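Peer 1: got a predicted structure plus its sequence, pasted below:
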Amino acid sequence: MALKRIIARLDIKQERLIKGMHLEGWRFLQDPPQKFCAEYYRQGVDEIIYVDVVASLYGREKLTEIVKQTTDHVFVPITAGGGVRSLDDATDLLRSGADKVAVCTGAIKEPQLITEISRRYGAQCCVVSIQAKKNGNQWDAYYDIGRENSGRSVLDWALEAVALGAGEILLTSIDREGTRKGFDLDLIEQISSRVQVPVIASGGLGTPGHAAQAFQAGADAVAVAYALHYGLCSVGDIKEYCRNAGIPLR
């Protein structure tokens, strides 16, 4: 069995760390994001994900400076995304120190961007971020921080993204994001059982037990934001719970 990962997710707006619910209602946190990353690294986090949540809406510059400053003190893989609209954008983030690039809106609007990144840097560098919202009996793929429905089902888009060259899926449940009520296990199971690349579950962790449930549903990694930022639990708490549940961790 592949080793599971605990990932800290940091959403960024105007170079500051924020947290919201359902991808809206953002609140700024006081300390700079680099300080949070350093603390999570000290706690033993396996990876970091940075997402500039409004970059695709306003065409802002990317996270290059934050990534550069983080890599001076944090030595785990870093994924960076938000506002990646071209291969050049991806190149800038990778050159700043990111190990992977996450694409969402740019990939939905120009799917060939996935192939361009994958061919240039390898599939392992290309993470497709999918914002999922349930409508009736189907999960739809949204973009522009959950504002726009792409018209694609999450499953169809995930399968297409992998076929185009995505090496990993960052799967965020809009319905669960920020609620601390646990991950959408049905969503995780549906996607992870059909795609042949790792799936990162994001949106909903409130207790260490929620991570174990996500892994049991098929997730390869869990992305944690609120619970870490506000001290509901630590990386160590999550890892201890999962190990006690028999889940193999990195």
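Peer 2: Okay, I see it.

Peer 1: show me where this protein has its helices.
Peer 2: Along the chain, the segments classed as helices by DSSP state H run 33-43, 55-58, 64-71, 87-95, 105-109, 112-121, 154-164, 185-192, 208-216, 226-229, 235-244.

Peer 1: which stretch in these has the least confidence?
Peer 2: Mean pLDDT is lowest for helix 55-58 out of these, coming in at a mean of 57.

Peer 1: how many neighbouring residues does the nearest residue to S193 once chain neighbours are set aside have?
Peer 2: Of all residues not flanking S193 in the chain, G218 sits nearest, at 5.9 Å (CB to CB, 6 or more residues apart in numbering). The C-beta positions use only the backbone N, C-alpha and C, and glycine is treated the same way. Residues contacting G218 under the criterion other CB atoms under 10 Å number 17.

Peer 1: surely G218 and D186 touch.
Peer 2: No. Between G218 and D186 there is no contact under CB atoms under 8 Å: 10.7 Å.

Peer 1: show the contacting residues for the nearest residue to T91 once chain neighbours are set aside.
Peer 2: The shortest distance from T91 to any non-neighbouring residue, by CB to CB, 6+ apart, is to R120 (7.8 Å). Residues near R120 by CB atoms under 8 Å, 6 or more residues apart in numbering: 87, 90-91.

Peer 1: format those as CSV; extra columns: distance to A102 and neighbour count.
Peer 2: Compiled in CSV, the contacts of R120 are given as follows (distance: CB to CB, whole Å; neighbours: other CB atoms under 10 Å):
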residue, distance to A102, neighbour count
L87, 14, 17
A90, 10, 27
T91, 14, 15
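
Peer 1: list just the nearest of the residues you listed to I12.
Peer 2: Comparing the contacts of R120 against I12 with CB to CB places A90 closest, at 17.2 Å.

Peer 1: report the contact partners of that closest one.
Peer 2: A90 neighbours (CB under 8 Å, 6+ apart): 84, 101, 103, 117, 120-121, 125.

Peer 1: which one is the residue nearest in space to the middle of the chain nearest to, not counting chain neighbours?
Peer 2: Nearest to the geometric centre of the chain sits L170, at 4.6 Å (CA atoms, centre = their mean). The spatial neighbour of L170 that comes closest, neighbours along the chain excluded (CB to CB, 6+ apart), is S129 at 4.3 Å.

Peer 1: that neighbour: neighbour count?
Peer 2: A count of nearby residues for S129, using other CB under 10 Å, gives 29.

Peer 1: that one contacts A166, doesn't it?
Peer 2: No. Assessed by CB under 8 Å, S129 is found out of contact with A166, at 9.8 Å.

Peer 1: shared neighbours, these two?
Peer 2: By CB under 8 Å, 6+ apart, no residue touches both S129 and A166.

Peer 1: chain neighbours aside, what residue packs nearest to E116?
Peer 2: Residue nearest to E116 in three dimensions, not counting chain neighbours: L87, with 4.7 Å by CB to CB, 6+ apart.
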